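K.L.:
please work out how this folds:
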Amino acid sequence: MNKLLSLIVVAFCFHSYNGMAKIYMDDEQDETYTSYYKKPSSGKPRVSNSVISYKGIATKITEGCNTDYQRIKAIYQWLCDHIVYDTSFKIVTADECYSTGKGVCQAYNELFYQLAKGIGIKVEVIDGVSKDKKGNVENFGHSWLFAYTSEDHGIFMDPTWGAGYLDGNRFVRKRNCWTWFNVAPEWLILSHFPREKEYQLIDNPMNKEEFLSMSPVSDLCLEYGMNVHDIYKSIREEGNTLPQLYSKGEGLIDITDLPLRSSLKVGEQYTFRIRLKADCDLSLNNNTISIRKEDWKDEGDSIYSLHYMVRDVESLSIGVKDETNDYWNVVVNYSIEQPTEEDWKKVEDMFPLSAPDIMSVKSLYTDRWNKAGVDDHKLVSLIREHHVSELPMLFFENGQDLTIVSVPMTKELQSGVVYSFSFYPKAGVKWAVVNNNKWYTDWQISDDGMYSMSITPTAAGPLYLYVQIEQGQSYWPCMQYEVVSELP
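P.N.:
Have a look, this model is predicted:
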């Protein structure tokens, strides 16, 4: 074996992939790669006859390469860089493809085959069907490759998909061709179904009916560095559909962990783990709830994680924003399943204010109520007890401070009805309730300093709980209500 290619013989054995998968270290390129065990096919290659001598062409393309893996990689890159897809769907042979610089999948693969053959590398062209990220199946079938890096080990690749894609009738070359080079069998079978079972190289070979029924995958999964084995398990074994992925995060993040399903459940907790590849901001959004990067856990090595319980029925997304954008771009998006009462109970136990009836309450400034001594569970209880649709306003901007014992909980008060106020002042020298210039100051003060007073407002308009912070200074509002002649 070439001394530049050392087998790391922890050469580990998978029960998957029908036998042995070997990890190699290419010392010259400082690159580790996996190759997969497969006995070479004995049948005649399904390729067209060629009149062009490709040995010299392939030698030039692979100049400077010292291993078959490097040579395979060089030919693959050359194809992806130089051949465009034939939108007339007519060019299918290696010779036509090389002469015109374009071809369909068969032409890409036959040209690769002839170039590799010219320098002594064995390649097998695989026929089958494929489906795109929307689940559409190729009308005329598809082909791809298995190239041998040694006598009985090799790698899968699809130079056609690596080169680019069709946007309508226009070929668009991909920025990154490597997502379809040395493709793991578990990933390949999710979008490429071979005519011969021997090319599946997975533990439990699948039939065509199962292949067609499985949810589609996007190669953005590979662009974002997602775990292929986990995706395979989620789709094939658990029957899931993946979340919607968008390309705006390419080059900015890798996704190391997230729920591999398209919909999430209210009340369930999920783990998200993102590695930043560039200087950018990160956010999880669940309707009005937004959790920015500074509130994720910094695990080091540019990895940020978040354990999040879904607590809103609107979609949940992961977004990124870098210095080139003034707006956020969605990278991952989930729908939310219709919650049950039990789902909401889970949310309320941990996040009382996230229940739908509480979220709909106006002026729900929970931090202010917390400052006034009313914790979230107590606030929820009071809102429900008093059938509150809008809370009174609380103010603390100018030093106002108190601990509430009991106050009217609805913003609107009815004239002619008795209301009681009880609280412990934490600042100020004088307190008053004021309704249409009528001042109420007859407080009952308990031994432990609690202020209490009952009043009957008589005039429609605003009603304030005022405090004078220091003697001789102005009064500042601490709470604001609205008195109406008749409640709705």
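K.L.:
below-threshold pLDDT in this structure: ranges please.
P.N.:
1-20, 24-30 (pLDDT under 70).
K.L.:
where is the longest strand in it?
P.N.:
Counting residues, the longest strand in the chain under DSSP state E turns out to be strand 475-484.
K.L.:
for the stretch 251-400 of the chain, which segments count as helices?
P.N.:
Secondary structure of the stretch 251-400 of the chain by DSSP state H, counting those that start in this stretch: the helices cover 341-350, 356-359, 366-371, 376-385.
K.L.:
for the first one, name the packing helices and strands.
P.N.:
It refers to helix 341-350. Packing contacts for helix 341-350, counted by 3 or more C-beta pairs under 8 Å, 6 or more residues apart in numbering; DSSP states H and E, involve strand 303-309. To be clear about C-beta, it is placed using only N, CA and C from the backbone, and glycine gets the same treatment.
K.L.:
and the strand it packs on, which strands flank it?
P.N.:
Strand pairing for strand 303-309, using DSSP bridges, gives strand 269-276 (antiparallel), strand 297-300 (antiparallel).
K.L.:
just the endpoints, please. Distance across stretch 298-308?
P.N.:
One end of stretch 298-308 to the other measures 15 Å (C-alpha to C-alpha, to the nearest Å).
K.L.:
I misspoke; the intended subject was stretch 83-98.
P.N.:
Distance between the two ends of stretch 83-98: 8 Å, counting by C-alpha to C-alpha.
K.L.:
buried residues in it?
P.N.:
For stretch 83-98, the neighbour count (16 or more other C-beta atoms under 10 Å) marks 83, 85-86, 91-98 as buried.
K.L.:
residues making contact with it?
P.N.:
With C-beta atoms under 8 Å, 6 or more residues apart in numbering as the test, stretch 83-98 has contacts from 47-48, 50-52, 54, 57, 100-104, 106-108, 110-111, 113-114, 140, 159-160, 163-164, 166, 169-171, 173.
K.L.:
one more time with 7 Å
P.N.:
Here stretch 83-98 makes contact (C-beta atoms under 7 Å, 6 or more residues apart in numbering) with 48, 50-52, 100-104, 106-108, 110-111, 113-114, 160, 163-164, 166, 169, 171.
K.L.:
what's the closest of the strands paired with strand 303-309 to residue 484?
P.N.:
With C-beta to C-beta, the closest approach to residue 484 among the strands paired with strand 303-309 belongs to strand 269-276: 43.4 Å.
K.L.:
what residues sit buried inside that closest one?
P.N.:
Neighbour-count burial for strand 269-276, counted by 16+ other C-beta under 10 Å, picks out 270, 272-276.
K.L.:
adding distance to residue 420 as columns, could you present the residues you listed in a markdown table?
P.N.:
Below are the buried residues of strand 269-276 laid out as a markdown table (distance: C-beta to C-beta, whole Å):
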| residue | distance to residue 420 |
| --- | --- |
| 270 | 45 |
| 272 | 47 |
| 273 | 52 |
| 274 | 52 |
| 275 | 57 |
| 276 | 54 |
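K.L.:
closest one of the residues you listed to residue 413?
P.N.:
Nearest to residue 413 among the buried residues of strand 269-276: residue 270, at 43.5 Å, using C-beta to C-beta.
K.L.:
so what's that closest one up against?
P.N.:
259, 264, 308.
K.L.:
across the sheet, point out what pairs with the second one.
P.N.:
This points to residue 264. Note on residue 264: beta-bridge partners by DSSP bridges are residue 336.
K.L.:
just checking, it touches residue 333?
P.N.:
No. Counting by C-beta atoms under 7 Å, residue 264 does not reach residue 333; the two are 10.7 Å apart.
K.L.:
of those two, which one has the most company?
P.N.:
For the pair residue 264 and residue 333, the greater number of neighbours falls to residue 264 (21 against 16), based on other C-beta atoms under 10 Å.
K.L.:
what lies in contact with stretch 378-388?
P.N.:
352-353, 358, 361, 366, 369, 409-410.
K.L.:
tell me how many other residues crowd residue 471.
P.N.:
By other C-beta under 10 Å, the residues close to residue 471 number 7.
K.L.:
next: residue 165.
P.N.:
Using other C-beta under 10 Å, residue 165 has 15 neighbouring residues.
K.L.:
right, and it touches residue 177 too?
P.N.:
No. In this structure residue 165 lies outside contact range of residue 177 using C-beta under 7 Å: 11.5 Å.
K.L.:
how about residue 216, what does it touch?
P.N.:
131-135.
K.L.:
by neighbours, which of the residues you listed wins?
P.N.:
In terms of neighbours by other C-beta under 10 Å, these top out with residue 131 at 19 neighbours.
K.L.:
against residue 141, how distant is it?
P.N.:
As for residue 131, its distance to residue 141 is 12 Å (criterion: C-beta to C-beta, to the nearest Å).
K.L.:
much appreciated, bye for now.
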